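**Student:** How does the following fold in three dimensions:
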Amino acid sequence: MVEPSNASTGEARPKSPREPTPRAETPQILLSAPQRESAVVDIARQLLSQLLSGQLSPGTRLPSERQLAESLAVGRSTIREALKALDVLGIIEVRQGDGTYLKQSTSSLLPSAIEWGLMLGQPQVLDLIEARRHIETIIAGLAAERADDQAVAELAEHLEEMRAAPDSAAFVEADVAFHLTLANAAGNSVLNDILGSIRSLLRVWIRRAIHEVGSTDTTIAEHAAILTAVRERVPEAAAEAMRAHMRAAGARLERSLRDH
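**Tutor:** Purely as a prediction, here's the structure:
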């Protein structure tokens, strides 16, 4: 059945609403209104998909919170939480008073980040911090039982690399290497794989924690205590040293998230 045209009915054809003119300095990001999951998770996943597509280069300024909120018909608080999740992952940088920028190439982001549901707001990030604390505490205790001399030597080498690091980037890499070596020394493939799968997050978290305190001395001392307990083969002491480190590091990261 053919629908009558506006002309045949005598009615004026309604004018199409004008599309808002995008700002010249920001790209158009095509997103659909969220249909499943919470709005925060769904929007964060869509944003990540756009960023992973390679169509945006590092340093690109993203549309404002207001523009994104209007285009998706959601509140600005929802957009803000979605952006914060991507910020925690080190994918974007929110510059107060200046906008949001793609921070780095996302090619190094592990695909498992999506599968693990890491595109969440701050409460879930805090859950991840808590989970890591328990996992690493178990790893440290097992490493004290099972680490061979070579593993202990590698841990000592990474600790020295942390002490001698010329900049924060080198320090972060040495710090991550220490934790991954410890996980390998624990001799549990599941725990090793879990920690290895979030290494990208570890880098982001360690970097933020360093910036929060402005010094690496405390972190180095915490790692030295872990190494001493592993070297002396005292599982309880190793677990407690790691627990103390995770508690302190988690507190530094949480302050960073609150102050952002």
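**Student:** how near is residue 67 to residue 100?
**Tutor:** Between residue 67 and residue 100 the distance is 11 Å, computed by C-beta to C-beta, to the nearest Å. The C-beta positions use only the backbone N, C-alpha and C, and glycine is treated the same way.
**Student:** the more surrounded of those two?
**Tutor:** When neighbours are counted by other C-beta atoms under 10 Å, residue 100 comes out ahead of the other of residue 67 and residue 100, with 22 against 17.
**Student:** Helix, strand, or coil at that one?
**Tutor:** Residue 100 falls in the strand class when you classify it by DSSP: H, G, I helix; E, B strand; the rest coil.
**Student:** gap between the strand or helix carrying residue 41 and the chain center?
**Tutor:** Under DSSP states H and E, the secondary-structure element containing residue 41 is helix 39-52. Relative to its parent chain, helix 39-52 has a centroid offset of 13 Å by C-alpha atoms, centre = their mean, to the nearest Å.
**Student:** That one: which residues count as buried?
**Tutor:** By neighbour count on 16 or more other C-beta atoms under 10 Å, the buried set for helix 39-52 is 39, 40, 41, 42, 43, 44, 45, 46, 47, 48, 50, 51.
**Student:** For the fourth one, give me the pLDDT.
**Tutor:** I take that to be residue 42. Note for residue 42: predicted pLDDT of 79.
**Student:** Low-confidence bits of the stretch 151-260 of the chain, can you list those?
**Tutor:** Of all residues in the stretch 151-260 of the chain, those with pLDDT under 70 make up the ranges 200, 212-214, 257, 259-260.
**Student:** can you map out the helices along it?
**Tutor:** Along the stretch 151-260 of the chain, the stretches classed as helices by DSSP state H, counting those that start in this stretch are 168-185, 189-197, 199-213, 217-231, 235-259.
**Student:** Between the ones you listed, which one is closest to residue 140.
**Tutor:** Between residue 140 and the helices of the stretch 151-260 of the chain, the shortest gap by C-beta to C-beta is with helix 235-259, which sits at 3.6 Å.
**Student:** And the contacts of stretch 136-145?
**Tutor:** With C-beta atoms under 8 Å, 6 or more residues apart in numbering as the test, stretch 136-145 has contacts from 151, 179, 182-183, 185-188, 191, 195, 226, 229-230, 232-239, 241-243, 245-246.
**Student:** Buried residues in it, which are they?
**Tutor:** Neighbour-count burial for stretch 136-145, counted by 16+ other C-beta under 10 Å, picks out 136, 137, 139, 140, 141, 142, 143, 144.
**Student:** would TSV of those residues with secondary structure, distance to residue 94 and pLDDT be doable?
**Tutor:** As requested, the buried residues of stretch 136-145 are arranged in TSV below (DSSP: H, G, I helix; E, B strand; the rest coil; distance: C-beta to C-beta, whole Å; pLDDT from 0 to 100):
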residue	secondary structure	distance to residue 94	pLDDT
136	helix	28	96
137	helix	32	97
139	helix	32	98
140	helix	34	98
141	helix	38	98
142	helix	38	98
143	helix	37	98
144	helix	40	98
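**Student:** Show me which of the residues you listed is closest to residue 221.
**Tutor:** Using C-beta to C-beta, residue 140 comes nearest to residue 221 of the buried residues of stretch 136-145, at 15.5 Å.
**Student:** For that closest one, which non-adjacent residue is closest in space?
**Tutor:** In space, not counting the residues next to it along the chain, residue 140 is nearest to residue 242; the distance is 3.6 Å by C-beta to C-beta, 6 or more residues apart in numbering.
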